[in-house]
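# kindly return the folded structure for what I paste below:
(chains A and B)
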Amino acid sequence: MLRFLVRRVIGALVILLIISAVTFWLFYAIPRDPAQMSCGKNCTPDMLAQVRHNLGIDHPVPVQYWYWVKGIFVGRSYGDFGNCNAPCLGYSFANREPVLGTIMDRLPTTLSLAFGSAIVFLILGVGAGMIAAVKQGKWQDKLASSASLLGSSLQIYFVGYIAMYFLVAKLDILDNPSYTPITEDPGAWASGLLLPWLVLAIIFTANYTRMSRSQLVEQLSEDYVRTARAKGLSSRNVFFRFAWRGAMGPIVTVFGIDLGTLIGGAIITEYTFSLQGVGRLAVDAVDKSDLPMVLGVTLLSAGAIVLFNIVVDAVYALIDPRIRLA
Amino acid sequence: MTSTDQQPFLSIRDLKVHFSTEDGIVKAVDGLSFDLAKGQTLGIVGESGSGKSVTNLTILGLHDRDRTAIDGEILLDGQELLNASEKELERLRGNKMSMIFQDALASLSPYHTIGTQIGETYRKHTGVSKAEARKRAIEMLRRVGIPQPDMRVDDYPHQFSGGMRQRAMIAMALVCDPELLIADEPTTALDVTVQAQIMDLLKDLQQEFGTAIIFITHDLGVIADIADDVLVMYGGRCVERGTKREVLTSPQHPYTLGLLNSMPDLHGPVDVELSPIPGSPPSLLNPPSGCRFHPRCAFADKVAGNLCSTERPMLEIVAGRGSACHLTADQKRELFAHYAELQRH
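As a prediction, this is how the structure comes out:
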């Protein structure tokens, strides 16, 4: 297990390095000058050169990339703009502050949104899938499959505004979406995020219902499940310890990918509910040609996905003893 | 019907198992009766889809209750099983009656150790502690001839070889000393050496515990080795019943004859061609009229009129021997003579 983890983490770092290099190169393929934007309207060539120097973009691209990588380990100075301590992911041209700090400010919102809705859609989706699998062909099954068809056809910006209109503005059942740090006030944290959680979960629930139903139906017809019944084990025991164990693998895999994606920012959800998360940060950064910020957010998203892939593989090995980690 | 007054250990009367499918009703078992005494082995022979496995899954109550219509009577030690509650069946399964399945790799859970799988059956029915169940699992593994059972008990099925998996499966089925053991082609996937070992094992265990065994197979060689009585199934019905010796040496049904003729004879001349039964197994969705074997039967034209295609031949069992065929005894003697001659070699 330890060897597996060490190997995979090293692999992950290499992947992140490659992603950062590609992002760097892609950014400079776009004909926009961040120094021009930073310098403002009344910019003289001298001022522009100064800004370029301070931003560190007066060097060739490979050299800039080298400085950027170096900054992660030893920190970096940005002249008039100040210092950026290690680990330094760069200095945002637009926000005029270090990238890492900005991301760290936004991350709690995104994490709260991601994990909160993940819990909701996992419980709802898998629960509905289980019921549908047990009640195969009965009304519960049909209800679950129609509901998941409906759910997967919905869009967040549509459901989100409708839900806001009725549940918040009209009926006043839920609070207006907002983010309060959980450390400050757990109650306000939960009530402020409840609506985004539910709306984001609707889209995912459908997928988990369908997946857990089909996985369970398949497992329930496996020979080893029949053997478990032939041994006299109760149907509940057979369902959870045998069939569900077999059905879990693919669900865990998809869950890992979904969670990784969500931590990279739920852009539409954040915009719909005016939440200041990482997804919004990413869009704004692209909009302002803010390379260091784009890089930072890209690395965060990629890192989350790579990380959850490792976790999924490890969990998979725990579920299925036939899988050996190497 | 057997003429003994004593209640047989397992008694099945006019069992019908019908599945409803989208295409119609499949008559997987259509009026099957047999008895089985303790300490006896009944071999059930038949092609795929003849209803052998369905019959046995029904005894254990493992059929899909929503999709299956069942009629008849299954008495185990005087207890009616078809009306038994799921709870009652759970108490019996793995305990008083248990089953060995064909494909041990697919039939054992890949997610649990061999020891857990054997032990949990024991725990369920005896309520002993985990440590106690583990000890029992090791003991069972030793009994079925797994070397170093105290080490192998914590292995997963994929770490076992094919023969060992089947042994483990047998250990699991026998852990509660069942009185009825159903073995559904337990040796089909194994090579002959292992097959012989497994059958010896079953015979030893039967002698030790007086277990009644139903042995399902399509291999007549296996039947010759292990069975006391033989029941031949075709299209969901019993076509012939008798002792092993009677059925194998003087078959009374053209289907049984066909099965025997399609087996190589090790002692006969080498260049004799095998003669398979022409045609394919009948559709149970839309079974042939009359005798279900008549479209494939070589002797159907020997029966007066078209009795074979219009009327179902009744199975009359006298002293445990009988067959369901319209041919008269004299006709059979004459027509089956060729086979008898082969036997004399």
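
# around chain A, pick out the residues from the stretch 101-250 of chain B.
Applying Cβ under 8 Å from any Cβ of the partner chain, one finds that the stretch 101-250 of chain B approaches chain A through B:101, B:103, B:106-112, B:117, B:120-121, B:124-125, B:156, B:158, B:172. (Each C-beta comes from the backbone N, C-alpha and C, glycine too.)

# residue B:115 is in contact with residue B:137, isn't it?
Yes. Counting by Cβ atoms under 8 Å, residue B:115 sits close enough to residue B:137 to count as a contact (4.4 Å).

# neighbour count winner among those two?
When residue B:115 and residue B:137 are compared on other Cβ atoms under 10 Å in any protein chain shown, the one with more neighbours turns out to be residue B:137, at 30 against 24.

# so where does the closest residue to that one other than its chain neighbours fall, helix or strand?
Nearest-residue entry for residue B:137: residue B:118, 4.0 Å, with adjacent residues in sequence omitted and distances by Cβ to Cβ, 6 or more residues apart in numbering or on different chains. Using DSSP states H and E, the secondary-structure element containing residue B:118 is helix B:114-126.

# who touches that helix?
Under the criterion Cβ atoms under 8 Å, 6 or more residues apart in numbering or on different chains, residues A:231-233, B:91, B:94-95, B:98, B:108-109, B:112, B:128-130, B:133-134, B:136-138, B:140-141, B:152-157, B:160, B:168, B:171-172, B:175-176 lie in contact with helix B:114-126.

# quick check: next helix or strand after that helix?
Reading on from helix B:114-126 to the C-terminus, the next helix or strand found by DSSP H and E is helix B:130-143.

# roughly how far is stretch A:163-170 from the heart of the chain?
Per Cα atoms, centre = their mean, to the nearest Å, the displacement of stretch A:163-170 from the mean C-alpha position of its chain is 27 Å.

# please disregard the earlier target; I meant stretch B:92-111.
On the basis of Cα atoms, centre = their mean, stretch B:92-111 sits 15 Å off its chain's mean C-alpha point.

# just the CA trace of that stretch, in CSV.
The C-alpha coordinates for stretch B:92-111 follow below in CSV (Å, rounded to 0.1, in the frame of the first residue of the first chain):
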residue,chain,number,x,y,z
LEU,B,92,-33.3,-24.9,6.6
ARG,B,93,-30.9,-23.7,3.8
GLY,B,94,-27.3,-24.4,4.5
ASN,B,95,-28.4,-26.3,7.5
LYS,B,96,-30.7,-29.2,6.9
MET,B,97,-30.4,-28.9,3.1
SER,B,98,-27.6,-27.4,1.2
MET,B,99,-26.3,-27.1,-2.3
ILE,B,100,-23.0,-27.4,-4.1
PHE,B,101,-22.9,-25.3,-7.3
GLN,B,102,-21.2,-26.0,-10.6
ASP,B,103,-18.9,-23.0,-11.0
ALA,B,104,-17.1,-22.6,-7.7
LEU,B,105,-15.3,-19.5,-8.8
ALA,B,106,-18.5,-17.6,-9.7
SER,B,107,-20.4,-19.2,-6.8
LEU,B,108,-18.0,-18.2,-4.0
SER,B,109,-18.0,-14.5,-3.1
PRO,B,110,-14.8,-12.8,-4.4
TYR,B,111,-15.0,-10.3,-1.5
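
# ok, residue A:160 to residue B:20 distance?
46 Å (Cβ to Cβ, to the nearest Å).

# which of those two has more neighbours?
residue A:160 (23 against 12).

# you'd agree that one is up against residue A:274?
No. Between residue A:160 and residue A:274 no contact is recorded; they are 10.6 Å apart, counting by Cβ under 8 Å.

# tell me the buried residues in the helix holding residue B:118?
B:114, B:115, B:116, B:117, B:118, B:119, B:120, B:121, B:122, B:123, B:124, B:125 (16 or more other Cβ atoms under 10 Å in any protein chain shown).

# pLDDT (mean, whole number) over that helix?
Summarised as a single mean, pLDDT over helix B:114-126 is 95.

# what angle separates that helix from helix B:130-143?
Between the axes of helix B:114-126 and helix B:130-143, defined by axes from the mean of the first three to the mean of the last three Cα atoms, to 10 degrees, the angle is 110 degrees.

# helices or strands up against the one helix or strand residue B:181 maps to?
When elements are assigned from DSSP H and E, residue B:181 belongs to strand B:180-184. The contact analysis (3 or more Cβ pairs under 8 Å, 6 or more residues apart in numbering or on different chains; DSSP states H and E) places strand B:180-184 against helix B:52-60, strand B:97-100, helix B:192-209, strand B:212-217.
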